[in-house]
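S.K.: just need the structure, nothing else, for what follows:
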Amino acid sequence: MAATSAGKVCRYWQEYQSLSGLICYCEVEAFGKKLSAAELAEVGCTPERRRLCLKTMQVTVGYGRVPATTTVPTTSCDPPPQIVTTVVGAAEKKVAARGLALLVLGVLAGAYIALGAQLSTIATSDLAKYVGDGLTRVVAGLVFSLGLILVVVGGAELFTGNNLIITGVLERKVTPGQLLKNWTAVYLTNLLGALAVVLIMYGTGLWKANGGLVGLKAVSIANAKCSLTFGEAFFRGVMCNWLVCLAVWLAAAGRDAVSKILGIVFPIAAFVASGFEHSIANMYFIPMGILLKGAPALAPVLAQGFGLEAGVAPAAPPALAHLSWAGFGMNLLPVTLGNIVGGALFVGCAYWLAYARAGKPREAAAPAAQSRGAVVP
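M.R.: From the prediction side, this is the model:
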């Protein structure tokens with residue numbers, strides 16, 4: 001069933017490059033699917049065509065028809081062309097979600113990323129003095145990956161990951177209007193979820209742990225983010241979501257939970273360890289720092305940590321001058337724009353061009369190839 005009589009590629013014919021070479025197979029034969037006469041006619045699956053496809057399977061896979069008791073050997077992840085199909089399908093489902101479901105899933109995603117952020121803060125509050133700055137950054141990234149694992153495996157709607165909906169627009173399965181509506185709704189609900197965790201974590205008082213070093217770490221992280229220039233924040237946002245969307249892309253390739261988690265951990269650890277900027281994570285980091293910089297219980301620790309004189313308010317300039325709600329907005333704008341460029345352009349558009357758009361001309365070449373008796377997968 002490599003091609004129909006009209007020369008169009010059969011949707012049941014799959015091929016990809018493996019380590020051992022080209023693999024071609026028919027999903028109907030390989031997985032025992034049952035098609036009606038109408039479905040067979042629709043894809044042009046004639047007896048002659050089936051024999052040709054089975055011969056092709058014999059050459060590339062090593063067998064033709066799969067016995068009922070035999071399972072088809074598979075890898076633990078899908079090949080890149082299949083990932084594009086998966087991501088486009090997910091894009092269609094995401095823009096179809098609305099109302100209460102979208103609200104809940106958006107809030108949960110913001111909360112999950114915030115949970116990863118607070119874990120990262122606590123785990124590394126005093127780690128640098130034992131293992132140095134480099135390893136501390138790696139540990140921060142490894143534990144922060146909890147957030148995206150919860151989003152992907154648990155199920156939630158995350159703005160940065162949803163930048164991949166651009167593939168649905170390019171494939172003309174999603175309209176630009178649907179894309180913007182989803183991004184806006186998810187961005188705002190992510191903010192609600194992140195701020196909810198900020199308030200809850202503040203209420204726990206755990207920022208006083210380790211002699212107030214957890215709180216000092218939180219304020220230091222937030223202050224550093226608000227001290228970035230527009231350009232620094234933008235380009236760090238680009239690099240961040242390039243890696244985050246690659247993590248989502250690899251997770252989409254995984255066929256089991258372990259594969260998905262492994263696909264997530266390393267790109268996320270890389271972005272955190274490198275110091276890149278994630279808009280949704282910053283919805284937790286910066287508001288938490290703003291709340292804590294004025295906490296009376298942290299005043300002595302902050303005064304010592306930022307070199308302020310005893311009795312001077314922790315928020316006094318110049319040490320924490322940029323850490324404010326205005327500074328939060330000035331960070332969020334360039335980071336968000338950078339995230340969109342990194343995720344939508346460098347991952348979504350790039351892979352669509354490589355594996356979806358680049359494959360379309362082959363359909364036009366199919367009739368000529370078939371006239372020469374060639375099999376067009």
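
S.K.: next one, pLDDT for the residue positioned nearest the centre of the chain please.
M.R.: Nearest residue to the geometric centre of the chain (C-alpha atoms, centre = their mean): V248, 3.0 Å. V248 is assigned a pLDDT of 97 by the prediction.

S.K.: and for A218?
M.R.: 97.

S.K.: same thing with the one 5 residues further on?
M.R.: Model confidence at N223, expressed as pLDDT, equals 96.

S.K.: how many neighbouring residues does it have?
M.R.: 21 (other C-beta atoms under 10 Å). C-beta: built from backbone N, CA, C; applies to glycine.

S.K.: show me the contacts for it.
M.R.: When contacts are counted by C-beta atoms under 8 Å, 6 or more residues apart in numbering, N223 touches 289, 293, 319-320, 322-323.

S.K.: residues touching the helix or strand V84 falls within, excluding its own?
M.R.: Assigned by DSSP states H and E, V84 belongs to helix 80-96. Residues outside helix 80-96 that contact it (C-beta under 8 Å, 6+ apart) are 14, 16, 78, 157, 162, 164-169, 171, 173-174, 178-179, 181-182, 249, 252-253, 348, 351-352, 354-356, 359.

S.K.: helix or strand for N241, which one?
M.R.: N241 belongs to helix 230-253, assigned by DSSP H and E.

S.K.: and what of K173?
M.R.: Per DSSP H and E: K173 is located in neither a helix nor a strand.

S.K.: relative to G141, how far out is it?
M.R.: For K173, the distance to G141 equals 34 Å [C-beta to C-beta, to the nearest Å].

S.K.: equivalent analysis for A321, please.
M.R.: On the measure of C-beta to C-beta, A321 and G141 end up 29 Å apart.

S.K.: residue ranges with poor pLDDT in this structure?
M.R.: 1-9, 17-21, 30-32, 60-75, 308-318, 358-377 (pLDDT under 70).

S.K.: can you give me the strands for it?
M.R.: 13-18, 21-26 (DSSP state E).

S.K.: and for the residue lying closest to V95 once chain neighbours are set aside, the neighbour number?
M.R.: Distances taken as C-beta to C-beta, 6 or more residues apart in numbering place Q178 nearest to V95, at 4.0 Å, with adjacent residues excluded. For Q178, the neighbour count with other C-beta under 10 Å is 19.

S.K.: contact partners for R236?
M.R.: R236 touches 228, 275-277, 335, 338, counting by C-beta under 8 Å, 6+ apart.

S.K.: please repeat the previous calculation with a cut-off of 6 Å.
M.R.: Neighbouring residues of R236 by C-beta atoms under 6 Å, 6 or more residues apart in numbering: 276-277.

S.K.: show me what contacts the closest residue to L127 other than its chain neighbours?
M.R.: Nearest residue to L127, sequence neighbours excluded (C-beta to C-beta, 6+ apart): T136, at 4.6 Å. Going by C-beta under 6 Å, 6+ apart, T136 touches 124, 127-128.

S.K.: just the buried residues of these.
M.R.: 124, 127 (16 or more other C-beta atoms under 10 Å).

S.K.: and the contacts of T136 as CSV, adding distance to A209?
M.R.: Shown next, in CSV, are the contacts of T136 (distance: C-beta to C-beta, whole Å):
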residue, distance to A209
T124, 13
L127, 14
A128, 17
